[in-house]
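Trainee: turn this into a structure:
(2 chains)
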Amino acid sequence: MLNEGKLTPDRTLDLRTVLCPINFVRAKLTLEEMTSGQVLEVILDDGEPMRNVPRSIKSEGHTIINVLKLPDDSYRLLIRKEEG
Amino acid sequence: MNLDDEQIERYSRNIILKEVGGKGQERLLASRVIIIGAGGLGSPAALYLAAAGVGTIGLVDGDAVDLSNLQRQIIHFTGDVGIRKTESAKKKIELLNPDVRVNTYHDIVTSNNIREIIRDYDFVVDGTDNFPAKFLINDACVMAGKPFSHAGILRFYGQTITVLPHESACFRCLFLGPPPPGSVPSCREAGILGAVAGIFGTIQALEALKHILGTGGLLADRLLTVDALTMSFREIKVKKNPRCPVCGDTPAITSLVDYEQKACDLKL
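Mentor: Got it, this is the predicted structure:
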């Protein structure tokens, strides 16, 4: 199956109401502290955050392994930290 | 991670960069850069280094702010005329970024004090306006193993190079010694447009930041010259001179020398 693997987050960041680009900066700083292969759960608002943050996280080399829409129209992302 | 919420916001555009990140920002905050000369080159260098979050900035200058400085020395304002340049610059840096600690040295560099002044810093920015100081800074930095950025400007023209002592060419590998007094005009005589100083001081700040971050390619073994009147940038490849009197195989200069005349003290 797609996105098989660990789906239990090691860290969680609720970035709802945090504006761009500070939401990405916070995710990036948290990922820096994690070790390769660990999973970060991030909750993002729809709209600009969802348009920008996933792309920026991917451009840093990390993998988005799961995206889930939540009842309040926000999104839950599971990000696997990659080395480098 | 030791960055607080305000720092995360203040430095967000730094942190977003792959080459910086949180670790790079912390490295900048822990770094120490000394700027010799709080004038045309030192002003933009100091402001950009302070804005980027270099944690400790040293400022060396023995002059007071003069009205004729303000056209290019952008860290000083009209109300600062008459006060020490080091104090004027310190005030602006602290207003810009309270994270920065500023150490001031109201003095000119000499063979007696320069070793002590540069000792505790990671990188030296040469923002001086005369050849004796430039050779003194080169020699002191080579002897102390301190990386530094050289720049010199006149009219619409300037040059800059970064020196990694004993790794890349030093200023004396290129120029054996100061030109004869009076042979090269000073800014006072020849003029200088402030924005030209801005280009070079900004390049010097960038070199210091990249050195601290350990990223990118430094302007070492490459002399960059700019003719801003035609906006021509030229890069001259240079090499370490094995017969260099300071960093060569058998150096002739083993102690610091003060050359007689400051270019800006020349008779008009």
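Trainee: what does the stretch 1-150 of chain B put close to chain A?
Mentor: B:M1, B:L3, B:I8, B:E9, B:S12, B:R13, B:I15, B:I16, B:K18, B:G21, B:G22, B:K23 (C-beta under 8 Å from any C-beta of the partner chain). For glycine as for every other residue, the C-beta is placed from the backbone atoms N, C-alpha and C.
Trainee: drop anything exposed from these.
Mentor: Neighbour-count burial within the residues of the stretch 1-150 of chain B next to chain A applies to B:L3, B:I8, B:S12, B:I15, B:I16, B:G21, B:G22; the criterion is 16 or more other C-beta atoms under 10 Å in any protein chain shown.
Trainee: widest-spaced pair of those residues?
Mentor: By the measure C-beta to C-beta, B:L3 and B:I16 form the most distant pair in those, at 13.4 Å.
Trainee: ranges for the strands of the stretch 101-250 of chain B?
Mentor: With DSSP state E, counting those that start in this stretch, the ranges of strands along the stretch 101-250 of chain B come out as B:101-105, B:123-126, B:148-154, B:157-163, B:222-227, B:232-237.
Trainee: right, so those strands: which one is the most enclosed?
Mentor: strand B:123-126 (a mean of 27; mean count of other C-beta atoms under 10 Å in any protein chain shown).
Trainee: quick one: B:K90 and B:T104 touch, right?
Mentor: Yes: in terms of C-beta atoms under 8 Å, B:K90 counts as a neighbour of B:T104; the distance is 5.5 Å.
Trainee: mutual contacts of these two, please.
Mentor: B:L59 (C-beta atoms under 8 Å, 6 or more residues apart in numbering or on different chains).
Trainee: low pLDDT regions in the chain?
Mentor: As the question left the chain open, I've gone with chain A. Residue ranges of chain A with pLDDT under 70: A:1-6, A:84.
Trainee: could you do chain B instead?
Mentor: Short version for chain B, where the test is pLDDT under 70: B:1, B:261-268.
Trainee: residues from chain A in reach of chain B?
Mentor: A:P21, A:I22, A:F24, A:V25, A:R26, A:K28, A:L29, A:E32, A:E33, A:S56, A:E60.
Trainee: a markdown table for the residues you listed, including secondary structure and neighbour count?
Mentor: Listed next are the residues of chain A next to chain B as a markdown table, based on DSSP: H, G, I helix; E, B strand; the rest coil; neighbours: other C-beta atoms under 10 Å in any protein chain shown:
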| residue | secondary structure | neighbour count |
| --- | --- | --- |
| A:P21 | coil | 18 |
| A:I22 | helix | 16 |
| A:F24 | helix | 24 |
| A:V25 | helix | 24 |
| A:R26 | helix | 19 |
| A:K28 | helix | 21 |
| A:L29 | helix | 19 |
| A:E32 | helix | 15 |
| A:E33 | helix | 13 |
| A:S56 | helix | 17 |
| A:E60 | coil | 18 |
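Trainee: what's the closest of those to B:A252?
Mentor: A:E32 (48.9 Å).
Trainee: quickly list what the spatially most central residue of chain B is bridged to.
Mentor: Taking C-alpha atoms, centre = their mean, the centroid of chain B lies closest to B:V125, which sits 2.2 Å from it. Per DSSP bridges, the residues bridged to B:V125 are B:I35, B:S149.
Trainee: what is the burial count for the nearest residue to B:G42 once chain neighbours are set aside?
Mentor: Using C-beta to C-beta, 6 or more residues apart in numbering or on different chains and skipping residues adjacent in sequence, the residue nearest B:G42 is B:G127, 3.4 Å away. Neighbours of B:G127 under the rule other C-beta atoms under 10 Å in any protein chain shown: 31.
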